[in-house]
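>>> got a structure for you, letters missing:
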Ligand code: A2P
């Protein structure tokens, strides 16, 4: 079996760390791997497949001979380095928002639009974490019942904002319990014992950029330019695992039983729905798992053809690292590297 030269840019970050784990677990066919970050982390040692590697500062030469470069180092780093990596011959799978809405860049969730990887021109974008878990649950229903409208409220974990935000929740929780005051460094407001309706920056339409990602990326991934999405994105004091309450209105009538059946047969979805026995997905239980978990499936009371459901996934895995590695696996499957 052919093996590939892989690089991870952002290897020391929250997603980069999970990318390493996911590559190991899935036995990704690696010939050679390098771990890249900024000068801050150069020289740091990390373990991979039982061996010790040294983190290197990213340089143009870093991408020479690399087949697949997995990026998770933020938007501006990606804007700067993705074209260089492509020029050196690598295919970039990018986890930032930098390229997602570029019409020359496919935006891919393997359970939804795997074929879109085929028209890549060097960069493939990994969608926003909240969008990924939502479309994995929406798309199978859309195929059968045509979704017209989605109203979604998210309950997003701090890990989605990176390693420093994880530290913020830890430090602020300790501080509050000890009667001290702490100002988060990576989050826009107090997070311990709080709920913050603010993720990413506010835009002129009074939605946040995170919310507009859910609108625009959902349409692009599902090839459904007419779907109306009304999102509210909220940060909650959870370390890892995003939850979403998703209400949909479909064109064709849909029953709770039909929705359950469609989701039970959907790729990447696990239905956990027995509320009278306290069975419903929660972030604590999905931590470390790769699937999207759906529960609380019920008839929505505000729409005639409406269903409401509770969708939970590990945002560092399916929402980021696992989805990126699955895209890399598609590149191999379709012989595009
Ligand atoms: P570094 O450890 O050198 O700062 P997170 O999302 O958890 O904050 O992680 C961001 C990741 O992106 C880290 O690995 C970080 O590396 C990397 N990174 C951030 N800025 C740059 C940059 N300008 N060049 C290269 N890597 C960067």
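Nice, I can see it. The model shown is predicted, which means the values in this text are computed figures rather than measured ones.
>>> end-to-end on stretch 270-279?
End-to-end distance of stretch 270-279 (C-alpha to C-alpha, to the nearest Å): 12 Å.
>>> what does stretch 146-162 give?
For stretch 146-162, the first-to-last residue distance is 35 Å (C-alpha to C-alpha).
>>> go on, stretch 35-54?
Start-to-end span of stretch 35-54 (C-alpha to C-alpha) is 7 Å.
>>> mind listing what's buried along whichever strand or helix holds residue 22?
Using DSSP states H and E, the element containing residue 22 is helix 14-25. Neighbour counts using 16 or more other C-beta atoms under 10 Å place 14, 15, 16, 17, 18, 19, 20, 21, 22, 23 of helix 14-25 among the buried residues. Every residue, glycine included, has its C-beta placed from N, CA and C.
>>> now do that helix, average pLDDT.
Mean pLDDT, helix 14-25: 97.
>>> cool, stretch 135-143 as well?
Here the average pLDDT along stretch 135-143 is 98.
>>> if we ignore the residues flanking it in sequence, what's nearest residue 17?
The shortest distance from residue 17 to any non-neighbouring residue, by C-beta to C-beta, 6 or more residues apart in numbering, is to residue 11 (7.6 Å).
>>> biggest helix in this structure by residues?
Using DSSP state H, we find that the single longest helix of the chain is helix 129-145.
>>> circling back to that earlier point, quick one: neighbours of the residue nearest to residue 17, just the number.
Neighbours of residue 11 under the rule other C-beta atoms under 10 Å: 27.
>>> numbering from 11 from now on, please.
In the new numbering, first residue 11, that becomes residue 21.
>>> residues touching it, list them.
For residue 21, the contact set (C-beta atoms under 8 Å, 6 or more residues apart in numbering) comprises 27, 29, 30, 45, 46, 47, 51, 56, 65.
>>> and those near the ligand, which?
47, 51 (C-beta under 6 Å from any ligand atom).
>>> for the contacts of residue 21, work out which two are farthest apart.
29 and 51 (14.8 Å; C-beta to C-beta).
>>> surely residue 89 touches residue 108?
Yes. Look at residue 89 against residue 108 with C-beta atoms under 8 Å: they come within range, at 4.8 Å.
>>> okay, the two: which has more neighbours?
Ranked by neighbour count (other C-beta under 10 Å), residue 89 and residue 108 place residue 108 first, with 21 against 13.
>>> contacting residues for the residue in the stretch 161-310 of the chain that the ligand sits nearest to?
Shortest the stretch 161-310 of the chain-to-the ligand distance, computed as C-beta to the nearest ligand atom: residue-wise this is residue 172, at 3.0 Å. The contact partners of residue 172, taken as C-beta under 8 Å, 6+ apart, are 23, 24, 25, 196.
>>> same question, residue 43
By C-beta under 8 Å, 6+ apart, the contact set of residue 43 is 15, 16, 17, 18, 33, 58, 63.
>>> which strands border the helix or strand hosting it, and is each parallel or antiparallel?
Per DSSP H and E, residue 43 falls inside strand 40-47. Using DSSP bridges, strand 40-47 pairs in its sheet with strand 14-19 (parallel), strand 66-67 (parallel).
>>> show me the contact partners of the shortest one.
Outside of strand 66-67, the residues within contact range by C-beta under 8 Å, 6+ apart are 44, 45, 46, 47, 48, 49, 51, 52, 72.
>>> near the ligand, which residues of the stretch 11-160 of the chain?
20-24, 26, 47-48, 50-51, 68, 83-84, 87.
>>> determine which two of these are furthest apart.
Using C-beta to C-beta, those span at most 17.8 Å, a distance reached by 24 and 68.
>>> before we move on, back to that, let me know the closest of the contacts of residue 172 to residue 177.
Nearest to residue 177 among these is residue 196, at 7.7 Å by C-beta to C-beta.
>>> out of the contacts of residue 172, which one sits closest to the ligand?
Nearest to the ligand among these: residue 23, at 2.1 Å, using C-beta to the nearest ligand atom.
>>> residues in contact with residue 315?
155, 259, 260, 261, 262, 263, 264.
>>> among these, which lie within helices?
Those of the contacts of residue 315 lying in helices (DSSP H): residue 155.
>>> show me the contacts of residue 315 that map onto strands.
Among these, the members found in strands (DSSP state E) are 259, 260.
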